[in-house]
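K.L.:
here is the input, now give the coordinates:
(chains A and B)
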Amino acid sequence: MPMCCKKMHLGWICPRCGQRSFVHPHNGNDPVPIGKITQQVTVVHGDVIHGSVIQDSVVMGGVPPPEKGKNVIKDSVVIKDEIDDDIDDL
Amino acid sequence: MEGSDNRAVLSRTALEVTDDSVRLHEGQVHESGILPAAGGEQHRRVQIDSCGCVKGPIFAGDVYIQSAKESSAPGTEIQGSVNSLKSVGIGHGTWVQGGVMAKETVRIDDTQHGSTTIPGHIVIEGGITADEVYIGDGVLVLGPVSASNKIVIGNGVTIRDHVMAPEVIVGDGCLLGGLIVSNNVAVGNYCTIASSYIILPNERNNWKFTGPIRTPDLGCNNCPQDDFFGTGPSTARKLACHYYAEHNIISNSVDVSEGTCKDWGAFPIEETEKHWALPTGSIVVSHIGEDWVNTPVWAGSASRWECGGED
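P.N.:
Numbering: from 1, shown residues only, chains lettered A, B, ... in the order given. Below you'll find the model as predicted:
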């Protein structure tokens, strides 16, 4: 169980002092808090798929803050439609 | 070379790989996951020795993560999930940053608190799924735990998400996000379930509760210690409330005793008139009745606790 305030406690935050429980990682010396839910935001940058444009759609999580949005590089991936040239032969 | 020379050479190799096994030696860091690269390698046995670090997921036949020994290292760290076609064993001093999944059994050790130089924690950030799951005293799991057969949980265990299996046995002083059981259930003293409901087997003879189970929904909405808990992460602190139950180590085991607070609320397990049945026959035990109106209001109130208190 996590230990804090010289006592054991349930959960991921010490009920006595409110400090987050932590573990020491192999990378670096700073302890890492347990149980912090990080907001996962995935942004699709203006992908063009079969002629439809999805402009910077937020597909999961919340909306990113506007100051971050200004610095987003507008990548575009174009997937060309396969054109059937033989259509007139039918 | 003599056999001892071979062992000496192997002990200097971070990752020892044979046809049927992979072993990361003590205190070593492996810069990627341990995954099968060719047919048949998915059946290997993977062993991670004390205080190793695997920077990626593990997938194998059997996975065994050794308990931490006395060391200046911070414990064993798996920066990914642990998946097994057979069984997984996890010792103390381990931090798994993903989930744990096995086709047969997942067995997790007790945490250790006897030494300041031996890492004693066990933290699983993801969920645990297997046919049978055994979780030792003091383990912290942030995801859900589900089993196709049975889950056995020790004392002082935290599982932030739901626990679901046909048979569930819970020790004393645990904090669970939810409880869904279809055949047999047993719960010890001073346990808390953050959800506003629990779902139990339709056969009440298969319910075994040593004492009441605390439900923070409704019961702790008007906490008499609000001034102490204050704002910030107060919900998470109240879920782990030390006024409800105290945890101590006695004879290498987590002992749980009654706290000073008497104002908490319990699930109405004995009040059968408040129970209602699902179409599957399972019984829902909750303070929120089947015929209550304004259910979105009650659901909103309950979600404060059910979200794990990340406020």
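K.L.:
does any bit of stretch B:25-45 sit next to chain A?
P.N.:
Yes - applying C-beta under 8 Å from any C-beta of the partner chain, one finds stretch B:25-45 touching chain A at B:Val29. For every residue, glycine as well, the C-beta is placed using N, CA and C.
K.L.:
which parts of that stretch are buried?
P.N.:
Buried residues in stretch B:25-45, counted by 16 or more other C-beta atoms under 10 Å in any protein chain shown: B:His25, B:Glu26, B:Gly27, B:Gln28, B:Val29, B:His30, B:Ile34, B:Leu35, B:Glu41, B:Arg44, B:Arg45.
K.L.:
and what of stretch B:61-77?
P.N.:
For stretch B:61-77, a neighbour-count test (16+ other C-beta under 10 Å) marks B:61-69, B:73-77 as buried.
K.L.:
start to end distance for that stretch?
P.N.:
Stretch B:61-77 has an end-to-end distance of 20 Å (C-alpha to C-alpha, to the nearest Å).
K.L.:
and that stretch, average pLDDT?
P.N.:
Throughout stretch B:61-77, pLDDT has a mean value of 91.
K.L.:
I'd say B:Asp131 and B:Ser148 touch.
P.N.:
Yes - checked against C-beta atoms under 8 Å, the pair B:Asp131 and B:Ser148 is within contact range at 5.0 Å.
K.L.:
out of those two, which sits in the busier spot?
P.N.:
Applying other C-beta atoms under 10 Å in any protein chain shown to B:Asp131 and B:Ser148 shows that B:Asp131 carries more neighbours, namely 15 against 12.
K.L.:
quick one: contacts for that one?
P.N.:
Going by C-beta atoms under 8 Å, 6 or more residues apart in numbering or on different chains, B:Asp131 touches B:Ala102, B:Lys103, B:Glu104, B:Thr105, B:Ala147, B:Ser148, B:Asn149, B:Lys150.
K.L.:
quick check, it in a helix?
P.N.:
No - if the criterion is DSSP: H, G, I helix; E, B strand; the rest coil, then B:Asp131 is strand and not within a helix.
K.L.:
just to revisit the earlier point, the contacts of B:Asp131, buried ones only, as a ChimeraX selection?
P.N.:
Filtering the contacts of B:Asp131 down to the buried ones (16+ other C-beta under 10 Å) takes a single ChimeraX command:
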select /B:102,105,147,150
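K.L.:
could the contacts of B:Asp131 go into a markdown table alongside secondary structure, pLDDT and distance to B:Ile122?
P.N.:
Formatted as a markdown table, the contacts of B:Asp131 follow (DSSP: H, G, I helix; E, B strand; the rest coil; pLDDT from 0 to 100; distance: C-beta to C-beta, whole Å):
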| residue | secondary structure | pLDDT | distance to B:Ile122 |
| --- | --- | --- | --- |
| B:Ala102 | strand | 97 | 16 |
| B:Lys103 | coil | 96 | 22 |
| B:Glu104 | coil | 97 | 20 |
| B:Thr105 | strand | 97 | 16 |
| B:Ala147 | strand | 97 | 18 |
| B:Ser148 | strand | 97 | 23 |
| B:Asn149 | strand | 97 | 22 |
| B:Lys150 | strand | 97 | 20 |
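K.L.:
how many neighbours does B:Phe228 have?
P.N.:
B:Phe228: 13 neighbours (other C-beta under 10 Å).
K.L.:
wait, B:Met101
P.N.:
Neighbourhood size, B:Met101 [other C-beta under 10 Å]: 19.
K.L.:
next one: B:Asn221
P.N.:
By other C-beta under 10 Å, the residues close to B:Asn221 number 13.
K.L.:
distance to chain A for the buried residues of stretch B:61-77 - can I get that in JSON lines?
P.N.:
Conversion of the buried residues of stretch B:61-77 to JSON lines gives the following (distance: C-beta to the nearest C-beta, whole Å):
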{"residue": "B:Gly61", "distance to chain A": "26"}
{"residue": "B:Asp62", "distance to chain A": "24"}
{"residue": "B:Val63", "distance to chain A": "19"}
{"residue": "B:Tyr64", "distance to chain A": "19"}
{"residue": "B:Ile65", "distance to chain A": "14"}
{"residue": "B:Gln66", "distance to chain A": "16"}
{"residue": "B:Ser67", "distance to chain A": "16"}
{"residue": "B:Ala68", "distance to chain A": "12"}
{"residue": "B:Lys69", "distance to chain A": "16"}
{"residue": "B:Ala73", "distance to chain A": "7"}
{"residue": "B:Pro74", "distance to chain A": "3"}
{"residue": "B:Gly75", "distance to chain A": "7"}
{"residue": "B:Thr76", "distance to chain A": "9"}
{"residue": "B:Glu77", "distance to chain A": "5"}
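K.L.:
and the two most separated of those residues?
P.N.:
Maximum pairwise distance in the buried residues of stretch B:61-77, criterion C-beta to C-beta, is 28.3 Å, between B:Gly61 and B:Pro74.
K.L.:
and the residue nearest to B:Asp20 when sequence neighbours are not counted, how far is that from B:Asn183?
P.N.:
Excluding its sequence neighbours, the residue lying closest to B:Asp20 (C-beta to C-beta, 6 or more residues apart in numbering or on different chains) is B:Arg44, at 5.6 Å. Separation of B:Arg44 from B:Asn183 (C-beta to C-beta, to the nearest Å): 35 Å.
K.L.:
with B:Gln79 instead?
P.N.:
The separation that B:Gln79 has from B:Asn183, given C-beta to C-beta, amounts to 37 Å.
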